[in-house]
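J.: Quick one: sequence and predicted model below, then my questions.
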Amino acid sequence: MNFRRLKSTFILLVILAAFSGCTGKGTILIVSEQTNPREQYGVERLSAQLKLVGYQVELSNEIKESKQPRIVLEHIQGDSLTLPAGLEHKAFSTTDEGFSIETKATEIYIRSTGSSGILYGCMELADRIQQEQKLPREIQIDDQPEMVMRGTCIGLQKTSYLPGREVYEYPYTPETFPWFYDKELWIQYLDMMVENRYNSLYLWNGHPFASLVKLDDYPYAVEVDDATFEKNKEIFAFLTTEAEKRGIWVIQMFYNIIVSKPFAEQNNLETQDRNRPIVPIIADYTRKSIAAFIENYPNVGLLVTLGEAMNTIDDDVEWFSKTIIPGVQDGLKALGSTHEPPIVLRGHDTDAERVMQASLPIYKNLYTMFKYNGESLTTYNPRDSWSSIPTALSELGSVHISNVHILANLEPFRYASPDFIQKSVQAMHSEQGANGLHLYPQASYWDWPYTADNTPERLLEIDRDRMWYDAWARYAWKAKRDRNDEISYWAGKLNEFYGSKTAGENLLTAYEESGEIAPKLLRTFGISDGNRQTLLLGMFMGQLVNPQKYNVYSNFWTSSGPLKEVLQVYAEKEFKGEAHEGETPPQIIAEVAEHGRKAVAAIEAVSSQITKNNDEFERLKNDMHCYQAFADCFAEKAKAAMLVLNYKYSNKIEDLEAALPHLEKALEHYQKLVDLTKDSYLYANSMQTAQRRIPISGVDGTNKTWVELLPHYQTELDNFKRNLQMLKDNGGQMSSVHPKLKSVEVHVLNAEGKRYSLKEGVQVYSDNKAKIAAVSDELKNLSGVQFSDDAQRENGTVLRFKTDKPVKVVVGYFNTNSYSVLEPPTLETNAAANDRGQADIKIANAIDLPGLYPVNVYTYQFEAGEQELVLGKGRVLILGFMDAGQEIEIHDAGMVDDPNGPAVDWLFY
């Protein structure tokens, strides 16, 4: 199945190059009608390669009787060909991207049913000419890709927000994205793509239309000045034209519902508001924007993210089927075309099955997309939601695309393990039903086109991580390849790059051993496979021993990898003497430490054999040492965490005393990591905003290097030593006392806003009899705002208030998975989930409400003035208002019996 079908039916038979029989090289005739830009480009690449190895090239647009060596490009109608009398060929059936190359005497035939197949056939023959430095004497090939869509993505986004704008809001301007206007860079990138047979390029942006089209009905909506707008039109036309030559669709991604800043200001709207219902003027503006985009740039498609800035699933269905698709159809009508461009629906934060069921009857060229391992790379054995959701999407009747997304656990070190990647692509087919690949940059997505390496001249990600792109493309074309052949293939590539005859296998070993470290550690010990966690900066002990406080993402542990026991489960079973199942923490930390040792040993063994690209080799070698230091550090912390969790059950000080040396060793290894990175890397994570939460907030671009994190880990160790000593001094008993929250008087503007005290026996809802059974002392100075339980579930919650000073609104989210409650702020599904500092639990288990659920406390910060807090549908509590300057030390109040046992993370605070 192809995502584009060309109307033209012609003999496309290009490339008759000379044969190996031509010694002294001689002249090769290439026969091609060249009526298509893809065919023309294929002929150019083939001709250039022939000339490079010493042949002369002549071109012809028709087949004539001739004894001259020639390459013929032939476009096939099904299995039938019309050829001059006496020429025979074998019949074959293939996709439009498939091709055959066949030798007949002094002729080579390249055949396909589509222009992309002809292009790929030309590229294949050119590659073989390059390898052999002559035209092959005998060649018989039938080849076609397994995956229908094979694409890479580039983010037109930044490491931080633009002034006065929200997440994802980045107009296309030379000041913000100077590289976007660099034609040489685009040619380099597109050449990489066609060499790897990628056929789709995704550009990610929140609302690109106001940078690329002007609307008669909304002329004020354009976000750039006239000169920039003309530059944008010119570069986008250039990009799509050059991409078309190489068989590549340019697919523009956008989020819903986001509108341009001038449009929002003109109409007194927010640029994005997750709780906003569909507004007619926004729907009209968006539909006309899409129509103009399709009309002005015909060789484009769309990638649609319905989640993150949409209100309800019903809105998702309506928006996709009644705004987006009609917009595309309007654009096609204006073009006078019936050829549907691809529209890709992301399954992220929406019910894609419902959306597709409503949309397939009105538009056929639809695709679905879902993240492969979330926003990380954790496994080639996806289970639970990472298997069931993609599988369900793949059964809807359209092609499903697997999205290798963000790679938050791989930043910033080099990663290119062919073995891991090959197995991952095989899992996409077998475990997810996917027949398409969407690939993010290996690192530095938010800082593209550069890497995080600290070099005199910034390294380009496309250069540094070329092996990443090569490996995914190779297996997207064909996933099942012999392991021994693959070792030879990649070892040869590495030998060639580094100018060695024998180092390749060791270098491949280093890549593949290091390639297991981050995936195994995240899936076993992580809080999230989302981009709010920067794994390679480490984790705090409190996050290891009490991860639930940090909002473990739903299904993360069960979906990301083989059957496993996480630390808390393992510790409890170990204490009780119960049998273990699947991967265990001791197994994983032993394995990653060994992976790190082997990676370093392999690369150090070949240091003297490198004769080319020595600077890059030294950077690769440094990365291997970084991986080893990180693995050793994490292993020691995990050992300490297991002992601390054992203390929860044993109540023996000896367990804590045994944990201390492991924490001290962990800090020594982290110091090595600091030394290895302080001069070699500019940062660990390329998203440098408050959305980065683990191990610590990245607000205002802070805490993005190992140097910055080291004092925090030192403090953690110091706190543990202090609390351990206090335990010893108090006979093993210690109570953790936290200050009461400082209540602030505000004027609540809600007509129904009755206040209530946070005390035992008080009813929290006006129409629900649930009463407080227990409340933590820290909250007892506050007074809540009472709402209707029914109204919250049906309409959501809007709190209006006026304050004379900055305040934090104290909000209680119920600790349950019930559909009746409002889910707490979650950065995995809502990029604005920390715009007021609300992303983390401040006090866990703070209120016990029999008949409802335990309550966890979060806070939202507001400046002085008249304010409004808009929350979605579902039960939630407004617990009061506190001084904005008071910080809450994250802790578990223990008002509710915790199934995981008493909290022990206080030992590190």
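T.: Happy to help now that I have it. Computed from a prediction, not measured in an experiment: that's the story for all the values here.
J.: Show me where the stretch 601-750 of the chain has its helices.
T.: 614-650, 653-677, 706-729 (DSSP state H, counting those that start in this stretch).
J.: between these, which gets the lowest average pLDDT?
T.: Note on these: helix 706-729 shows the lowest mean pLDDT, a mean of 91.
J.: contact partners of it?
T.: With contacts defined as C-beta atoms under 8 Å, 6 or more residues apart in numbering, helix 706-729 is touched by 537-538, 540-542, 653, 656-657, 659-660, 663-664, 666-667, 670-671, 673-674, 677-678, 684, 695-696, 702-703, 733-734, 906-909. For every residue, glycine as well, the C-beta is placed using N, CA and C.
J.: Going through the residues you listed, which ones are buried?
T.: Neighbour-count burial (16 or more other C-beta atoms under 10 Å) applied to these gives 537-538, 540-542, 656, 659, 663, 666-667, 670-671, 673-674, 677, 684, 695-696, 703, 906-909.
J.: Residue 284 and residue 318: what is the separation?
T.: Distance, residue 284 to residue 318, using C-beta to C-beta, to the nearest Å: 14 Å.
J.: for residue 748, same thing?
T.: 34 Å.
J.: go on, residue 765?
T.: Distance from residue 765 to residue 318, by C-beta to C-beta: 31 Å.
J.: Looking at the two now, which is surrounded by more residues?
T.: residue 765 (20 against 17; other C-beta atoms under 10 Å).
J.: got a list of what that one touches?
T.: So, once contact is read as C-beta under 8 Å, 6+ apart, residue 765 ends up touching 786, 787, 788, 789.
J.: and these as JSON lines, adding neighbour count and secondary structure?
T.: JSON lines is the format used below for these (neighbours: other C-beta atoms under 10 Å; DSSP: H, G, I helix; E, B strand; the rest coil):
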{"residue": "786", "neighbour count": "20", "secondary structure": "strand"}
{"residue": "787", "neighbour count": "24", "secondary structure": "strand"}
{"residue": "788", "neighbour count": "15", "secondary structure": "coil"}
{"residue": "789", "neighbour count": "18", "secondary structure": "helix"}
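J.: Closest one of these to residue 459?
T.: Nearest to residue 459 among the contacts of residue 765: residue 787, at 53.8 Å, using C-beta to C-beta.
J.: Quick one: name whatever helix or strand follows the helix or strand of the chain with the lowest mean pLDDT.
T.: One helix or strand of the chain scores below all others by mean pLDDT, DSSP states H and E: strand 13-16, with a mean of 34. For strand 13-16, the succeeding helix or strand toward the C-terminus, using DSSP states H and E, is strand 27-31.
J.: Which other helices and strands does that following strand contact?
T.: strand 13-16, helix 37-52, strand 56-60, strand 70-75 (3 or more C-beta pairs under 8 Å, 6 or more residues apart in numbering; DSSP states H and E).
J.: most packed of the ones you listed?
T.: Most buried of the helices and strands packed on strand 27-31, by mean neighbour count (mean count of other C-beta atoms under 10 Å): strand 13-16, with a mean of 30.
J.: TSV please, covering the helices of the stretch 601-750 of the chain and showing distance to residue 561.
T.: Below are the helices of the stretch 601-750 of the chain laid out as TSV (distance: least, C-beta to C-beta, whole Å):
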stretch	distance to residue 561
helix 614-650	16
helix 653-677	23
helix 706-729	26
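J.: out of those helices, deepest packed?
T.: It is helix 614-650: most buried of the helices of the stretch 601-750 of the chain by mean count of other C-beta under 10 Å, with a mean of 22.
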